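Visitor: my questions concern the predicted model and sequence given below.
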Amino acid sequence: MKKILLIEDDADLFALVQYNLTKEGFAFAGALTGKGAIDLCLRERPDLVILDIMLPDSDGIEICRGIRAHPQLAHLPVIFLTAKASETDRILGLELGANDYIVKPFYVRELIARIRIHFREQPSQIRVLSAGKLRLDPARREVMLDSRPVALTATEFRLLECLMSRPGLVFARDKLLDAVWGRNHAVTDRTVDVYILRLRQKIESAGESYIRSVRGFGYSFNFESDPSPSA
């Protein structure tokens, strides 16, 4: 059973989301305050965090930064809930580490659908993918660069896995959106560019170029992947 952690100061909205998530079969944990959010995540060990940006006692963006900076939490999918609806706010939220961005008011069914996107089952045949100094193990949800672990978010991991699984194939941005975020995504092509930039910053620090840009179209993985069965 997947556990969802909700941090939301609106008591009515908190109760509504809690009721519907429990009804859908999710385990639930949460708080009406952002204080101690990182400790709460460490204690509850959720599979996904839903986070209000504008909390009376905390800044949701800073909480998200704290999650991304923590080695035990960096992989967690984070969905922002906010009344800030501008494109600039959405892009900023994604750039700061959110996996998704939902504007209030919203339909609870939409929220649940977005959550399920992050819990899609992995393919039955799991391969370890490697290229140069980079190694991705889907079974362990682990990425290693030059034998050192790389902290990726869940979305960054799926994006890298998608690219590495078909080395040399050029993916259009809309195809990456479908493969990584799902067909019912509410994000734009710009989202792909943001995540590619973040991936490059994390995996190309050793001097090797792994992701190739194809101007006006999309991206491909630059190395020939060396798949081998996982242990």
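Guide: Perfect, thanks for sending it. Residues are numbered from 1 along each chain as shown.

Visitor: make it CA atoms for all contacts and neighbour counts henceforth
Guide: OK.

Visitor: got the domain ranges for the chain?
Guide: Per the record, the chain has its domains at 3-117, 127-229, by automatic domain parsing.

Visitor: now the ones you listed as TSV including mean pLDDT and mean neighbour count?
Guide: Below are the domains of the chain laid out as TSV (pLDDT from 0 to 100; neighbours: other C-alpha atoms under 10 Å):
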stretch	mean pLDDT	mean neighbour count
domain 3-117	86	17
domain 127-229	81	17
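
Visitor: could you point out which element follows the longest helix along the chain?
Guide: Counting residues, the longest helix found in the chain (DSSP state H) is helix 189-203. Per DSSP states H and E, helix 189-203 leads on to strand 211-214 as the next helix or strand towards the C-terminus.

Visitor: partner strands of that following strand and their direction?
Guide: Strand 211-214 has the following sheet partners, assigned by DSSP bridges: strand 218-221 (antiparallel).

Visitor: give me the distance from the strand it pairs with to the chain's centre.
Guide: 19 Å (C-alpha atoms, centre = their mean, to the nearest Å).

Visitor: list of residues touching that strand?
Guide: Applying C-alpha atoms under 8 Å, 6 or more residues apart in numbering, the external contacts of strand 218-221 come out as 163-164, 166-173, 210-214.

Visitor: which of those residues sits closest to I102?
Guide: Distances from I102 to these, taken as C-alpha to C-alpha, are shortest for R173 (21.0 Å).

Visitor: which strand residues bridge the closest residue to that closest one other than its chain neighbours?
Guide: Here the nearest residue to R173 in space, its sequence neighbours aside, is G218; by C-alpha to C-alpha, 6 or more residues apart in numbering that works out to 5.1 Å. Beta bridges link G218 to A172, V214, judged by DSSP bridges.
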